[in-house]
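Participant: next come a sequence and a model predicted from it.
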Amino acid sequence: MYIESPQNPRIREWSKLKTKKGRQLNGAFLVEGIRLTDELLRSSLTVDALVWDVGTDELPQALLDAAANRGVPFIEVSPQAFAQLADTVTPQGVIAIAKLPDALMESNGAPLLRYAVLLDGVQDPGNVGTLLRSADAFGISAVCAGSGTADPFSPKVVRASMGGLFRVQVQDSDSVKFVQSWKSLWPDGQVVVATADAATDCYRADLTKPTLLVIGGEAFGVSNEVAQLADIKVRIPMTGMADSLNAAVAGSVLLYETFRQRQQLSPEALA
């Protein structure tokens with residue numbers, strides 16, 4: 001199929017996916033670039049279409065084969081039509097249309113959520129994407145983008161996650177409601193809040209038991225409503241002059257600490 005006009009109904013509908021409202025209404029999001037599209041096709045997420053700008057270089061054959069093997073429609077479009085979808089300054093000529101995943105609580109239940117992360121008020125898309133990438137790297141299967149957090153399916157977050165978004169089960173939800181739902185699934189688990197003024201160093205907390213790790217926003221940290229639901233508050237000990245860390249850096253350090261403790265416990269604990 002070939003689409004010439006930027007005003008084509010499909011192009012106009014897909015361009016709405018650059019906004020959160022459009023993504024929610026259509027149940028889909030955009031994935032731009034050769035590497036990310038390849039990562040997407042290797043994941044379990046549903047891919048509705050692969051869109052190629054005919055004004056750019058031909059796509060790698062491996063990418064085309066992966067799309068064909070999954071039965072993903074391949075649609076050629078004019079540069080003008082592609083420009084309506086692209087979010088980057090120098091597009092690579094390919095965009096995939098992917099379906100939003102189901103909610104964590106509805107589709108996966110307790111096992112997936114044994115070790116989970118809640119991002120509470122993390123507003124910077126780059127930080128959200130980095131934390132998704134770190135969650136993937138350190139064996140956390142479930143992440144909730146809570147209240148005030150950048151939409152995890154926005155184009156900037158998708159790019160910053162470097163494919164981690166496709167391998168971690170992600171949803172957005174009200175922070176307090178998510179904590180309450182998690183506690184109902186894991187009544188013996190713990191809600192761990194990261195804060196600079198905590199009395200407990202992160203490596204002294206037992207992070208091998210069922211744990212929901214809460215990472216707060218760049219400016220104000222974890223909200224008071226969520227902090228009140230914490231079972232334990234932890235801090236990252238530091239010896240330098242810095243009094244705090246970037247949200248993505250701090251979150252990644254804590255994610256590694258959970259991984260380190262679980263790895264020492266047993267190989268099976270990483271599953």
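Facilitator: Cool, got the structure.
Participant: how many other residues sit next to Glu218?
Facilitator: 15 (other C-beta atoms under 10 Å). Glycine gets a C-beta too; all of them are placed from N, C-alpha and C.
Participant: would you mind measuring from it to Leu119?
Facilitator: Counting by C-beta to C-beta, to the nearest Å, the gap from Glu218 to Leu119 is 11 Å.
Participant: same check, this time on Thr90
Facilitator: 29 Å.
Participant: now do Leu25
Facilitator: Distance of Leu25 to Leu119, given as C-beta to C-beta: 23 Å.
Participant: buried set for stretch 4-12?
Facilitator: Within stretch 4-12, the residues that count as buried by 16 or more other C-beta atoms under 10 Å are 6, 11.
Participant: which residues sit against it?
Facilitator: Contact partners of stretch 4-12, identified using C-beta atoms under 8 Å, 6 or more residues apart in numbering, comprise 3, 75, 77-78, 80-81, 83-85.
Participant: run the chain-centre distance for that stretch.
Facilitator: Distance, stretch centre to chain centre, for stretch 4-12: 29 Å (C-alpha atoms, centre = their mean, to the nearest Å).
Participant: can you pull the contacts of Gln84?
Facilitator: Counting by C-beta under 8 Å, 6+ apart, Gln84 has contacts 6, 11-12, 14-15.
Participant: tally of neighbours for Asp120?
Facilitator: For Asp120, the count of nearby residues is 27 (other C-beta under 10 Å).
Participant: same check on Phe74?
Facilitator: Other residues lying near Phe74 total 15 when counted by other C-beta under 10 Å.
Participant: tell me the SS of the nearest residue to it once chain neighbours are set aside?
Facilitator: Of all residues not flanking Phe74 in the chain, Leu50 sits nearest, at 5.1 Å (C-beta to C-beta, 6 or more residues apart in numbering). State at Leu50, reduced to three classes by DSSP: H, G, I helix; E, B strand; the rest coil: strand.
Participant: wait, doesn't Leu50 sit right on Val94?
Facilitator: Yes. With contacts counted by C-beta atoms under 8 Å, Leu50 reaches Val94, the gap being 6.7 Å.
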